[in-house]
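Chemist: coords please:
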Amino acid sequence: MMVGAPALAALAALRSGAGLAHIGAPAPILAAVLNAALSATGTPLPTDDAGRVVPHLAAPALDKITSTANCLVIGPGMGIDAGGEALVVRALAQSDCPVVLDADGLNHLCRVTEAHLDLTAPTIMTPHPGEFRRLADAFGISVEVGAPGVAAAALARRLGCIVVLKGAVTAVSDGHDTWMQDRPNPALATGGSGDVLAGVIAAIAAQFHPRGPQLPGVTVPGSLSLIACACLGVRIHAAAADAWCEAKDSRSGMLAVDLTELLPEAMGRLRTIG
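Modeler: Sure thing, here's the model as predicted:
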């Protein structure tokens, strides 16, 4: 597992209004992850002698985290192994806590046979074009990623989730309604930007999307639909990058950690303009 990715997601969530970010990471590296995200807390995931997460021991740890979380981010820095796959399957099988599935969480999903896939969690998937192609191949979707709105809608319909297809033009779709962020910013090509986006979306969902199954036609006052949370997260993420470019008079050189520090300002701007 990589240290930086979960730390960036946690920092982004905190900067986007989450009151607490809790990181589950393999026991041998948890201290390093928390050292990179000092305001977060953590749970060690049990590992074997090789440092790999033990599937049957990690599941109860994830259940404990899920029981008190308002949103889960699964995938940043996870790596590909049996422990990671077990965590993805476990997270998607519960129905109370929204899930943002990103990075290696998506790669694990490609490896899960449909016979073992129980996708009941309210889920937002955030693939970049390469991850989308792997998902499309795995689930028999014949659509070109060059038409992001069509592609995002096709995957959303196939899996019954929200899809945020990242790129120069980002498409957000629930399979019926599709929204496009058509303001390309090359600064967002920086490594770790996707981890930041996952954290932002999770923070918005944690604050504004109620836990538990939603009754048809019943709206909790002040709440947002899952697709609205995803769209707002994308807007905040883009606004933070725009603010950095304006301040530096440049569209290159931004680091992902720079992006996290500008998230509160971006949220303030969006509150002003609506």
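Chemist: neighbouring contacts of the longest helix along the chain?
Modeler: For the chain, the helix reaching the highest residue count under DSSP state H is reported as helix 226-248. By Cβ atoms under 8 Å, 6 or more residues apart in numbering, the list of residues contacting helix 226-248 from outside reads 16, 98, 122, 124, 162, 164, 170, 172-174, 177, 179, 181, 183, 185, 187-188, 193, 196-197, 200-205, 208-209, 224, 251, 254, 258-259, 262-263, 265-267, 269-270. For the C-beta atoms, the positions are set from N, CA and C on the backbone; glycine is no exception.
Chemist: just the buried subset of these, please.
Modeler: Among the contacts of helix 226-248, those classed as buried by 16 or more other Cβ atoms under 10 Å are 16, 98, 122, 124, 162, 164, 170, 172-174, 179, 181, 185, 187-188, 193, 196-197, 200-205, 208-209, 224, 251, 254, 258-259, 262-263, 266-267, 269.
Chemist: can you give me the helices for the stretch 151-274 of the chain?
Modeler: If DSSP state H, counting those that start in this stretch is used as the criterion, the helices of the stretch 151-274 of the chain fall at 193-208, 226-248, 256-261, 263-273.
Chemist: angle of the longest one against helix 193-208?
Modeler: Same thing as helix 226-248. Note on geometry: by axes from the mean of the first three to the mean of the last three Cα atoms, to 10 degrees, helix 226-248 and helix 193-208 are set 130 degrees apart in direction.
Chemist: just how off-centre is helix 226-248 within its chain?
Modeler: Relative to the mean C-alpha coordinate of its chain, helix 226-248 is positioned 14 Å out (Cα atoms, centre = their mean, to the nearest Å).
Chemist: buried sites along that helix?
Modeler: By 16+ other Cβ under 10 Å, the buried positions in helix 226-248 come out as 226-245.
Chemist: how many neighbouring residues does residue 149 have?
Modeler: Using other Cβ atoms under 10 Å, residue 149 is surrounded by 17 other residues.
Chemist: scratch that, residue 3
Modeler: Taking other Cβ under 10 Å as the criterion, the count of residues near residue 3 is 18.
Chemist: and what of residue 130?
Modeler: By other Cβ under 10 Å, the residues close to residue 130 number 11.
Chemist: next one: residue 32
Modeler: Neighbouring residues of residue 32 were enumerated by other Cβ under 10 Å; the total is 13.
Chemist: do the one 5 residues further on as well
Modeler: A count of nearby residues for residue 37, using other Cβ under 10 Å, gives 24.
Chemist: give me the phi and psi for it.
Modeler: Torsion angles at residue 37 (phi, psi; degrees, to the nearest 10) stand at phi -140, psi 80.
Chemist: kindly report the same for the one 10 residues further on.
Modeler: Note on residue 47: backbone dihedrals following degrees, to the nearest 10 are phi -130, psi 160.
Chemist: wait, it touches residue 29, no?
Modeler: No. Between residue 47 and residue 29 no contact is recorded; they are 9.2 Å apart, counting by Cβ atoms under 8 Å.
Chemist: any idea which residue is closest to the centre of this structure?
Modeler: For the chain, the residue nearest the mean C-alpha position is residue 198 (3.0 Å; Cα atoms, centre = their mean).
Chemist: mind pulling up the pLDDT for it?
Modeler: We have a pLDDT of 98 for residue 198.
Chemist: one more: residue 118?
Modeler: Turning to residue 118, the model gives it a pLDDT of 87.
Chemist: now it: how far from residue 57?
Modeler: In this structure, residue 118 and residue 57 are 21 Å apart, going by Cβ to Cβ, to the nearest Å.
Chemist: again with residue 150
Modeler: Residue 150 is 42 Å from residue 57, where distance means Cβ to Cβ.
Chemist: right, I'll leave it there.
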